[in-house]
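Enquirer: Below: sequence and its predicted model.
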Amino acid sequence: MIKNIALVAHDSRKAELMSWVKFNAETLSKCTLFCTGTTGRLVKDTLSKTLGDKAATLEVNCLLSGPLGGDFEIGAMIAEGKIDMLVFFCDNLIMQGHQNDVMGLVRLASLYNVPFATNRSTADYIIASPLFHSEDYKRIIPACIDSYKNRQLK
């Protein structure tokens, strides 16, 4: 079951992410959310307006802004197995000043087999999947991670 979700959005895609959060507020209210800086504040506000009093019990954790280290914080949480899904609405039309950080998140999500959505359609498919709610589904960590950890150095 997906319980811990990281939400990130570049400035030009924040409104789109908030629309998705509003549409999925009820499902997201059962999860723990981790968000980079401004995105986190917007998520809290959107959920509060959408869910009213129920929003007071939600767990929305605001990390640093992406360029100030928030991307690294989420990346570390992925590597530690603390993130079950990453939703990152990124702006692919402009080069970001922290593009390497963004690519690092993409690499870690792929490496650790974390469901990763970069757009609304993919996020919709993941959250609508029966596996999203399944208590039986367990993410499989690729064997290459243990192989790398236990490699023999000469």
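Expert: Thanks, I have the structure now. Nothing here was measured: the structure is a model prediction, and the numbers come from that model.

Enquirer: Run a quick check on Thr36 versus Asn61, I expect a contact.
Expert: No: the criterion here is C-beta atoms under 8 Å, and Thr36 misses it with Asn61 at 10.3 Å. No exception for glycine: its C-beta is placed from N, CA and C like everyone else's.

Enquirer: Please enumerate the helices of this structure.
Expert: Here the chain has its helices, by DSSP state H, at 14-23, 25-28, 37-51, 70-79, 99-111, 120-128, 130-133, 143-149.

Enquirer: Those: which one's closest to Met85?
Expert: helix 120-128 (6.4 Å; C-beta to C-beta).

Enquirer: now that closest one and helix 14-23, what's the angle there?
Expert: 20 degrees (axes from the mean of the first three to the mean of the last three C-alpha atoms, to 10 degrees).

Enquirer: So the closest residue to Leu28 other than its chain neighbours versus Lys54, what's the distance?
Expert: Leaving aside its sequence neighbours, Leu28 sits nearest to Val21 (C-beta to C-beta, 6 or more residues apart in numbering; 6.3 Å). Computed as C-beta to C-beta, to the nearest Å, the Val21 to Lys54 distance reads 14 Å.

Enquirer: who's more crowded, these two?
Expert: Neighbour count, other C-beta atoms under 10 Å: between Val21 and Lys54, Val21 has more, with 25 against 13.

Enquirer: hang on, the more buried one packs against Ala9?
Expert: No: using C-beta under 8 Å, Val21 is not in contact with Ala9, being 9.7 Å away.

Enquirer: Of all the helices of the chain, which one comes closest to Lys3?
Expert: Going by C-beta to C-beta, the one of the helices of the chain nearest Lys3 is helix 130-133, 10.1 Å.
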